[in-house]
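**Student:** What follows is a protein structure lacking sequence information:
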């Protein structure tokens, strides 16, 4: 395995971190990554004002996501709220964990806003898992306006911690989630 050791927006990846390896049962490139919960504000199809993000596996260690900024997602009039954009990046970055088939939670998320994102704009996000060390996973993402090659509007870096599936079972309570969570444990 390849050693890493570099800075990722602006998180530092330790020298002994390894390049991640795609799990043989990971979604194939172009395959949709299912919502982990139908009522999730980020990726859930049933949340009335959510982002309804479409996320698919990319090549190597990438995922691609798209969402359209609606009137429900604005902060200043006509412009996406920064917190909504960070949520979208958390979803896209978190989806890279499907590529190693390991449940994980967000430990740290950095977001840099380069351009305003107007209501009615589609945001195309490409996230890449960069490194793994023990339970830690580092990833980066870029968000572009209106097409995968559009202007760069948002950049992000993240640190996720791998957790056992029991973490989610213990914290979810007895709710509608009981029948809608997907088990992504290897």
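**Tutor:** Nice, I can see it. Predicted model only: the values in this text are computed from it and were never measured. Numbering: from 1, shown residues only.
**Student:** hey, which helix or strand in this structure has the poorest pLDDT?
**Tutor:** Within the chain, no helix or strand scores below strand 6-8, which has a mean of 54 by mean pLDDT, DSSP states H and E.
**Student:** Relative to the helix or strand just after that strand, what are the paired strands and their orientations?
**Tutor:** As assigned by DSSP states H and E, the chain's next helix or strand after strand 6-8 is strand 11-13. Using DSSP bridges, the strands paired with strand 11-13 are strand 6-8 (antiparallel).
**Student:** what about the residue nearest to residue 33 when sequence neighbours are not counted, how many neighbours?
**Tutor:** Using Cβ to Cβ, 6 or more residues apart in numbering and skipping the chain neighbours, the partner closest in space to residue 33 is residue 55 (4.5 Å). For glycine as for every other residue, the C-beta is placed from the backbone atoms N, C-alpha and C. For residue 55, the neighbour count with other Cβ atoms under 10 Å is 25.
**Student:** dump the residue contacts of residue 115.
**Tutor:** Counting by Cβ atoms under 8 Å, 6 or more residues apart in numbering, residue 115 touches 145, 151-154.
**Student:** for it, helix, strand, or coil?
**Tutor:** coil (DSSP: H, G, I helix; E, B strand; the rest coil).
**Student:** now the residue nearest to residue 33: how far from residue 102?
**Tutor:** Residue 55 sits 16 Å away from residue 102, going by Cβ to Cβ, to the nearest Å.
**Student:** Between the two ends of stretch 94-114, what distance do you get?
**Tutor:** 22 Å (Cα to Cα, to the nearest Å).
**Student:** How about the helix or strand residue 105 falls within, which residues are buried there?
**Tutor:** Assigned by DSSP H and E, residue 105 belongs to strand 104-113. For strand 104-113, a neighbour-count test (16 or more other Cβ atoms under 10 Å) marks 104, 109-111 as buried.
**Student:** One more: stretch 81-92?
**Tutor:** Buried residues in stretch 81-92, counted by 16+ other Cβ under 10 Å: 84-92.
**Student:** can you list contacts of it?
**Tutor:** For stretch 81-92, using Cβ under 8 Å, 6+ apart, the contacting residues are 40-43, 51, 53, 55, 63-65, 67, 69, 73-75, 106, 109, 111, 113, 117, 123, 125-127, 141, 143, 154, 156, 158.
**Student:** do that again at 7 Å, thanks
**Tutor:** With Cβ atoms under 7 Å, 6 or more residues apart in numbering as the test, stretch 81-92 has contacts from 41-43, 51, 53, 55, 63, 65, 67, 73-75, 106, 109, 111, 113, 117, 123, 125, 127, 141, 143, 154, 156.
**Student:** Quick check: bridge partners of residue 132?
**Tutor:** Under the criterion used (DSSP bridges), residue 132 bridges to residue 18, residue 137.
**Student:** Alright, I will stop here.
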